[in-house]
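**Q** no sequence for this one, just the structure:
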């Protein structure tokens, strides 16, 4: 389970303060989150980001997803019209379960980040047997 | 709503030039705002306007780009006829499983078709389409006979 840290409804654009100046926009990537067995899987859309531009950090239970966009303007061309903007991606989640850090699996393909976060053994529900007094 | 960042120009302004005497201008503006609000930008359900595209102009060519994360080259179909270019595609089905518990579903699903009229005829043999990191880029050359000709001006 994942709780989003930033309050929803703030708008989809978060302007960063100087940290990523060259690109003016920072977007909230669209995500799919589901649990399968003991694993939480997060898929995040980051079109325009190259494999080496993705940064995922997990500190305690705070998961931060970052993507640095690689500008796609073709060489020698000038902009005619824009229906979408290019920008970086940023989103933070608080995970409700302890994650087994050593078993995290992260893949990036066709602009989509896929994170597999297996629950740590101690976070799995333990059955407590109740003895009759 | 990834495609409608704050600060982006009001798209309706381009198509309905505002006239201060026009009593319907405000209404149209509101309608445009509502459309954008419900469009969601990233859902291909509203056919004809998805995906969003950017255009660039080169010397004798035009380039188009669109963000289609999660698709592969095989999922996208590009067709060109005269001055019309069409992008068709289907997003892969969401993963399924018996013990699956969903928490968020924001990523686009389904199929889309968008046709765009270009300012000149495109030669199908002079198209270079690439798909990298979820971004489709199509470079289209203007046909030779269509290019503007340089005309020599003679002095009498």
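**A** Sure, I can see it. Here the structure is a predicted model, which means the values were calculated and not measured.

**Q** Assign residue B:109 to helix, strand or coil.
**A** State at residue B:109, reduced to three classes by DSSP: H, G, I helix; E, B strand; the rest coil: coil.

**Q** Can you check the pLDDT for the closest residue to residue B:93 other than its chain neighbours?
**A** Leaving aside its sequence neighbours, residue B:93 sits nearest to residue B:109 (CB to CB, 6 or more residues apart in numbering or on different chains; 7.4 Å). Placement of C-beta: from N, CA and C, glycine included. You'll see residue B:109 listed with a pLDDT of 90.

**Q** Counting neighbours, what do you get for residue B:109?
**A** Here the number of neighbours of residue B:109 (other CB atoms under 10 Å in any protein chain shown) works out to 15.

**Q** Over to it: give its phi and psi.
**A** When read as degrees, to the nearest 10, the backbone of residue B:109 gives phi -140, psi 170.

**Q** beta partners of the residue nearest to residue A:61 when sequence neighbours are not counted?
**A** Closest residue to residue A:61 apart from its sequence neighbours, by CB to CB, 6+ apart: residue A:95 at 4.5 Å. Here residue A:95 sits in beta bridges with residue A:2, going by DSSP bridges.

**Q** Does residue A:95 touch residue A:42 like I think?
**A** No - the pair residue A:95 / residue A:42 is not scored as a contact, 9.5 Å apart, by CB atoms under 8 Å.

**Q** When the two are compared, which one has more neighbours?
**A** Per other CB under 10 Å, whichever of residue A:95 and residue A:42 has more neighbours is residue A:42, with 24 against 19.

**Q** Which elements pack onto the host helix or strand of residue B:138?
**A** Residue B:138 belongs to strand B:135-141 when elements are defined using DSSP states H and E. Applying 3 or more CB pairs under 8 Å, 6 or more residues apart in numbering or on different chains; DSSP states H and E, one finds that strand B:135-141 contacts strand B:61-67, strand B:76-81, strand B:84-90, strand B:127-132.

**Q** In the sheet, which strands lie alongside it, parallel or antiparallel?
**A** By DSSP bridges, strand B:135-141 pairs with strand B:61-67 (antiparallel), strand B:127-132 (antiparallel).

**Q** Residue B:89 is nearest to which of the ones you listed?
**A** Nearest to residue B:89 among those is strand B:61-67 (9.4 Å), distances taken as CB to CB.

**Q** Contacts for that closest one next, please.
**A** For strand B:61-67, the external contacting residues (CB atoms under 8 Å, 6 or more residues apart in numbering or on different chains) are A:47-48, A:72, A:74, A:77, A:80, A:84, A:111, B:51-57, B:85, B:87, B:116, B:118-120, B:134-142.
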